[in-house]
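Enquirer: Mind folding the following:
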Amino acid sequence: MGYDRLSRWLQESAPGVRRVPGMRMAGRSARYILDAAYRDECHLRLFRDRQLFQAAGHTWAGRYPNLFACLSDRLGDMEEPRILSFGCSTGEEVGMLRSALPKARITGMDISARNIRIARRRFADPRTSFLHGGRVEQTGGARFDAILCLAVLQRAELTIQRPADCSPWLTFDKVERAILDIDAHLRPGGLLALYHANFRLADTRVAARYTPVLCWRPHRDDRAKYGPDNRLLPLAADGHEILFVKMRD
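Expert: Model prediction:
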């Protein structure tokens with residue numbers, strides 16, 4: 001019995017079992033044994049925390065259809081655009097990119113070696129490659145026509161708990177370093193997709209180089225946002241930018 005089936009069975013058959021002393025720890029132990037993705041997340045938090053942003057690699061196909069349509073419109077006429085999916089998880093995002101831009105050369109990168117092994121098994125395409133790593137500089141100095149960084153520069157704890165100070169989990173300086181690394185490998189005129197982050201591109205040192213070209217306007221964006229001082233910002237009721245064009249180096 002896998003962990004998900006075990007958890008559902010306990011909730012349906014013995015909903016009060018979680019209140020038994022010691023059951024939470026037993027549940028975590030059972031999940032560590034039975035759930036390979038959770039086990040990988042634990043290892044990342046323990047051994048790769050200095051490089052780590054979002055620890056969970058959960059994703060699914062079909063996310064962000066408006067974004068991929070916009071990328072197709074802007075890059076579809078290029079002969080062979082070079083695209084990086086930074087934090088590609090198990091490859092669902094790469095699959096969406098391949099559908100939207102069949103001529104592209106796509107690189108997927110993820111800090112989880114397990115995710116990269118799964119992604120490589122899913123794609124046997126010579127124009128698609130995967131790298132295990134946590135910094136764009138590990139791609140070897142290439143400059144890309146588009147870089148996607150979706151649901152990476154965040155910690156789930158921040159949006160769930162909304163602490164006044166985010167620094168025990170994630171800091172602005174760490175996120176800005178990652179954005180500077182991304183910027184260094186994106187050509188002028190290239191596209192940066194940045195979404196579901198706990199910090200804003202507008203607060204970084206490279207903000208003046210970028211102009212938004214796609215803005216989503218949900219009723220309310222409830223993701224916790226923090227400023228350069230690592231302090232919680234008020235909830236924004238307006239839309240938020242997701243895709244930017246780099247105007248210059």
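Enquirer: can we go C-alpha only for contacts and neighbour counts from here?
Expert: Fine.
Enquirer: and Cys88, what does it touch?
Expert: 94, 108-110 (C-alpha atoms under 8 Å, 6 or more residues apart in numbering).
Enquirer: Name the member of those residues with the most neighbours.
Expert: Neighbour counts for these (other C-alpha atoms under 10 Å) peak at Met109, which has 29 neighbours.
Enquirer: following the helix or strand hosting that one, which helix or strand shows up next?
Expert: Here Met109, judged by DSSP states H and E, is contained in strand 105-110. For strand 105-110, the following helix or strand on the C-terminal side (DSSP H and E) is helix 113-122.
Enquirer: Kindly calculate the angle that that next one makes with strand 105-110.
Expert: Interaxial angle, helix 113-122 versus strand 105-110 (axes from the mean of the first three to the mean of the last three C-alpha atoms, to 10 degrees): 150 degrees.
Enquirer: Just the residues contacting helix 113-122, thanks.
Expert: 40, 57, 89-91, 109-110, 129-132.
Enquirer: thinking again about what came up before, columns pLDDT and distance to Phe244 on top of the contacts of Cys88, output as CSV?
Expert: Below are the contacts of Cys88 laid out as CSV (pLDDT from 0 to 100; distance: C-alpha to C-alpha, whole Å):
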residue, pLDDT, distance to Phe244
Val94, 95, 19
Gly108, 96, 20
Met109, 96, 20
Asp110, 93, 22
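Enquirer: Could you single out the nearest of these to Ala69?
Expert: Nearest to Ala69, judged by C-alpha to C-alpha, of the contacts of Cys88 is Val94 at 14.1 Å.
Enquirer: show me where this structure has helices.
Expert: Taking DSSP state H as the test, the helices found in the chain are 3-13, 23-34, 36-47, 65-75, 92-100, 113-122, 156-161, 172-184.
Enquirer: so how many other residues sit close to Pro163?
Expert: Neighbour count for Pro163, taken as other C-alpha under 10 Å: 16.
Enquirer: so it touches Leu232, yeah?
Expert: Yes - between Pro163 and Leu232 there is a contact under C-alpha atoms under 8 Å: 7.1 Å.
Enquirer: shared neighbours of the two, which are they?
Expert: Here Pro163 and Leu232 have no joint contacts, going by C-alpha under 8 Å, 6+ apart.
Enquirer: in this protein, which segments are predicted with low confidence?
Expert: Scanning the chain with the threshold set as pLDDT under 70 gives 1-52, 55-60, 217-221, 237-239.
Enquirer: show me the contacts for the spatially most central residue of it.
Expert: Nearest residue to the geometric centre of the chain (C-alpha atoms, centre = their mean): Val152, 2.5 Å. For Val152, the contact set (C-alpha under 8 Å, 6+ apart) comprises 53-54, 86-87, 196-197.
Enquirer: quick one: contacts for Asp173?
Expert: By C-alpha under 8 Å, 6+ apart, the contact set of Asp173 is Pro228.
Enquirer: got it, and Ala61?
Expert: Ala61 is in contact with 92-93, 95-96, counting by C-alpha under 8 Å, 6+ apart.
Enquirer: switch the cut-off to 6 Å
Expert: Glu92 (C-alpha atoms under 6 Å, 6 or more residues apart in numbering).
Enquirer: Quick check: neighbours of the longest strand seen in the chain in the sheet, parallel or antiparallel?
Expert: If you go by DSSP state E, the chain has its longest strand at strand 186-195. The strands that strand 186-195 pairs with in its sheet are strand 144-150 (parallel), strand 240-246 (antiparallel) (by DSSP bridges).
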